[in-house]
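Trainee: I would like to see how this sequence folds:
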Amino acid sequence: MIQFKIPTRMRLLCAALVVSGSVGSGANFAQAEELTVYSALAKEHFAELIAEFQKREPDIKINQLLDSNGPIIARLLAEKENPRADIILGASVPGLVMLEEKGMLMPYAPAGLDQIKDRFYDRRSETPHWVGTDAWASAICFNKMEGANHEVEEPKNWKDLIKPEYKGMITMPNPNSSATGLLAIVGWMKIFGEDEAWNYMDALHQNIAQYVHSGSKPCRMAATGEAVIGIAYPAPGVKAINDGAPLSVVIPEEGVGSEVEGVAIVAGAQHPDAARKLADFATSLEGNQIHNKYYALVGRKGVSTSVPNYPEGEEAALVDMDFYWVAANRDRILAEWQKRYGAKDEPK
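Mentor: Down below sits the predicted model:
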């Protein structure tokens, strides 16, 4: 290889330019931290949260990957031996539990943990592996106009949905595609017991028109009259009501299962200090006020904003969910569910 000898004066000039660049425009760059965030939050939610965080931490460069929960968890598992993410934001807690049990999460107690509701953080460990930011519960969306046309009344509870008059009028999410569908199922198992829940789903299946692949779609279908009843969660139904749809959102009397989304730092994170700063902000009062714009239920005590037409009693109706049991039994439940009911799946 040919080597060129650089004159001493040229070497000194180059060194001076490097130093000059560092002082003039690169001092902040030299100190800047990078942070790679994997998130399953909605784009608008993520964008608002990160924009507010960067007002406080302008020297942290954010690299982001946004996707739905399933692909995020699958990617993290695939990268287990060479983690690329520093922090996970907005993933479902059963998914986070799966990562925790594989040793893939770093324990961290964000500032102000004592202000987080008990059901919203990992209480099996002295220092939590995950902390919840928001939650949603199962609900029933009912099209009042279509109900009147079919001469059926608004259901009040889960057991109402197996009445023969609702045959062919109900949609719900396939739990293999949607965390919303899974939370409904494990909620029924908590309320009725596992054996009785399968009996209930056998009866419910007779009234199901279709299992769809989106958690919000059943309520959207009910809002447009494509279905009379959708099993989903309150937010899409409330939005439809506020947009003028003839819809009601029902919190069933027996209780409801719930899903929690949380934040967790990846074990082996390349930028753990920056990750801790984002975890602190995501669980802070200011962070929860942002979450509350998108979810009625948030992790921080005392943060609650009234949403027009949001059903009352949602938080009181939540049944205690054992996310560790859900994580351990998820594959078994989903395989059994698909074998029994997959014939009515919406085409992908």
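
Trainee: Ile251: neighbour count?
Mentor: Ile251 has 22 neighbours, counted by other Cβ atoms under 10 Å. For the C-beta atoms, the positions are set from N, CA and C on the backbone; glycine is no exception.

Trainee: pretty sure it contacts Ala139?
Mentor: Yes - between Ile251 and Ala139 there is a contact at 5.8 Å, judged by Cβ atoms under 8 Å.

Trainee: anything in contact with each of these two?
Mentor: 234, 311, 314 (Cβ atoms under 8 Å, 6 or more residues apart in numbering).

Trainee: For Glu146, see how far away the first one is.
Mentor: Counting by Cβ to Cβ, to the nearest Å, the separation of Pro234 from Glu146 is 19 Å.

Trainee: Tell me which of these two has more neighbours.
Mentor: Pro234 (27 against 19).

Trainee: May I have the residues that are in contact with that one?
Mentor: With the criterion set at Cβ under 8 Å, 6+ apart, Pro234 makes contact with 136-137, 139, 249, 251, 296, 310-311, 314.

Trainee: Just the strands from the protein, written as ranges.
Mentor: Assigned by DSSP state E, the strands in the chain fall at 33-39, 60-66, 87-92, 105-106, 131-137, 139-143, 170-173, 208-212, 229-232, 247-250, 258-266, 297-298.

Trainee: can you redo these as a markdown table with distance to Met201?
Mentor: Shown next, in a markdown table, are the strands of the chain (distance: least, Cβ to Cβ, whole Å):
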| stretch | distance to Met201 |
| --- | --- |
| strand 33-39 | 32 |
| strand 60-66 | 32 |
| strand 87-92 | 21 |
| strand 105-106 | 32 |
| strand 131-137 | 18 |
| strand 139-143 | 15 |
| strand 170-173 | 10 |
| strand 208-212 | 9 |
| strand 229-232 | 11 |
| strand 247-250 | 19 |
| strand 258-266 | 18 |
| strand 297-298 | 25 |
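
Trainee: My read is that Ala91 contacts Asn69, right?
Mentor: Yes - the pair Ala91 / Asn69 is scored as a contact, 5.7 Å apart, by Cβ under 8 Å.

Trainee: Between these two, which contacts overlap?
Mentor: Counting by Cβ under 8 Å, 6+ apart, the residues touching both Ala91 and Asn69 are Ala40.

Trainee: out of the two, which sits in the more crowded spot?
Mentor: Ala91 (27 against 21).

Trainee: in the sheet, who's paired with the more buried one?
Mentor: Gly262 (DSSP bridges).

Trainee: got any ranges where the protein has weak pLDDT?
Mentor: Where the chain drops to pLDDT under 70, the residues are 1-32.

Trainee: Show me where it has its helices.
Mentor: Applying DSSP state H to the chain gives helices spanning 8-21, 27-31, 43-56, 69-78, 93-101, 144-149, 179-192, 194-205, 217-224, 234-242, 272-282, 285-291, 314-317, 323-341.

Trainee: Can you convert the ones you listed into a markdown table and add a column each for distance to Gly302?
Mentor: Converted to a markdown table, the helices of the chain look like this (distance: least, Cβ to Cβ, whole Å):
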| stretch | distance to Gly302 |
| --- | --- |
| helix 8-21 | 49 |
| helix 27-31 | 36 |
| helix 43-56 | 19 |
| helix 69-78 | 28 |
| helix 93-101 | 22 |
| helix 144-149 | 34 |
| helix 179-192 | 25 |
| helix 194-205 | 34 |
| helix 217-224 | 29 |
| helix 234-242 | 21 |
| helix 272-282 | 17 |
| helix 285-291 | 8 |
| helix 314-317 | 13 |
| helix 323-341 | 24 |
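
Trainee: Would you tell me which of those gets closest to Leu161?
Mentor: helix 194-205 (5.8 Å; Cβ to Cβ).

Trainee: what about dumping the CA coordinates of that closest one to CSV?
Mentor: The C-alpha trace of helix 194-205 is given here as CSV (Å, rounded to 0.1, in the frame of the first residue of the first chain):
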residue,chain,number,x,y,z
GLU,A,194,-61.3,-21.0,32.5
ASP,A,195,-63.6,-23.9,31.8
GLU,A,196,-66.8,-21.8,32.0
ALA,A,197,-65.1,-19.1,29.8
TRP,A,198,-64.6,-21.7,27.0
ASN,A,199,-68.2,-22.7,27.4
TYR,A,200,-69.2,-19.0,27.2
MET,A,201,-67.1,-18.5,24.0
ASP,A,202,-68.6,-21.6,22.4
ALA,A,203,-72.0,-20.0,22.9
LEU,A,204,-70.8,-16.6,21.9
HIS,A,205,-69.4,-18.1,18.7
